[in-house]
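Novice: Got a sequence here, can you build the structure:
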Amino acid sequence: MRITTLMLATAGLSAVLHGAPASGLAIGDAIPAATATLLNVDGRELPLAKVVGEKGTLVIFSCNHCPWVKAWEDRMVAIGNAYGTKGVGVIAVNSNDPKEYPDDDLPQMRERARDKNYLFPYAVDTTSDLARAFGATRTPEAFLFDASGRLVYHGTIDDNARNAEKVQHAYLRDALDAVLAGKSPAIQETKALGCTIVPRKQ
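Specialist: Residues are numbered from 1 along each chain as shown. You can find the predicted model right below:
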């Protein structure tokens, strides 16, 4: 199944979330594919290198159609908008094939970014090669790099997709605060829960 049940988001998440992913980037790895160019919702080509922030860089693989993204989206946007003003470069990347998910095409991405007030780029990974380079498999899936461009957090937004008021562990916010303080996040890896990325065919 492409979509994992949202029931997991409210039951025993701490045990499920902690732990390294099976593959992909490891903590301490550099930002991959820094020369990759994406297509932003404003119609302009956007080199990933242009997103890199002075104090850190947050790359979130996302999309339009996924119910997990919809559940976390307001928090994701709030995080991106807030930390984007603090020296952290932020971008949301859609690597899905729109032939599989028509909701994930560029016009609807543009509409979503406007309606949800994205103050950071929401861009198309036109070849899905960026997702492959990161080893990203889910939406939403966050990769946070420190000021030196090294991965310091990888995983989910927090421990409760369904109810923001019941979040006990704000993993991504905590990691961002640590990066801004020049520290390593206490929790560096969690399991990204969400919809499977369906890449464009090579």
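
Novice: Low-confidence ranges, the chain, go.
Specialist: Applying pLDDT under 70 to the chain flags residues 1-23.

Novice: Do a quick rundown of the helices in it.
Specialist: Listed in chain order, the helices of the chain (DSSP state H) span 13-17, 67-83, 106-115, 129-134, 171-180.

Novice: Run through the neighbouring helices and strands of the fourth one.
Specialist: Applying 3 or more CB pairs under 8 Å, 6 or more residues apart in numbering; DSSP states H and E, one finds that helix 129-134 contacts strand 56-61. Every residue, glycine included, has its C-beta placed from N, CA and C.

Novice: And the third one, by the same measure?
Specialist: Using 3+ CB pairs under 8 Å, 6+ apart as the contact test, the elements touching helix 106-115 are strand 122-124.

Novice: Against residue 138, how distant is residue 124?
Specialist: Here the criterion is CB to CB, to the nearest Å. By it, residue 124 lies 18 Å from residue 138.

Novice: Repeat that for residue 36.
Specialist: Using CB to CB, residue 36 is found at 19 Å from residue 138.

Novice: Neighbour count for those two, which is higher?
Specialist: Neighbour tally, residue 36 and residue 138, criterion other CB atoms under 10 Å: the higher count belongs to residue 138, 23 against 18.

Novice: I'd like the helices of the chain as CSV, with distance to residue 193 appended.
Specialist: Formatted as CSV, these follow (distance: least, CB to CB, whole Å):
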stretch, distance to residue 193
helix 13-17, 7
helix 67-83, 6
helix 106-115, 21
helix 129-134, 17
helix 171-180, 12
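
Novice: Can you say which of those helices is nearest to residue 165?
Specialist: Smallest distance to residue 165 across the helices of the chain (CB to CB): 11.2 Å, for helix 67-83.

Novice: What residues of that closest one count as buried?
Specialist: 68, 69, 71, 72, 73, 75, 76, 77, 79, 80, 83 (16 or more other CB atoms under 10 Å).

Novice: ok and that helix relative to strand 56-61, angle-wise?
Specialist: 160 degrees (axes from the mean of the first three to the mean of the last three CA atoms, to 10 degrees).

Novice: list the helices and strands helix 67-83 packs on?
Specialist: Under the contact criterion of 3+ CB pairs under 8 Å, 6+ apart, helix 67-83 touches strand 56-61, strand 88-94, strand 138-139, helix 171-180, strand 195-196.

Novice: what does that helix contact?
Specialist: By CB atoms under 8 Å, 6 or more residues apart in numbering, the list of residues contacting helix 67-83 from outside reads 3-4, 6, 9, 58, 60, 62-63, 90, 92, 116-120, 138-140, 157-158, 161-162, 164, 172-173, 176, 180, 193-195.

Novice: what is the residue nearest the centre of the chain paired to in the beta sheet?
Specialist: In the chain, the centroid-proximal residue (CA atoms, centre = their mean) is residue 60; its distance is 1.6 Å. Note on residue 60: beta-bridge partners residue 92, residue 142, judged by DSSP bridges.
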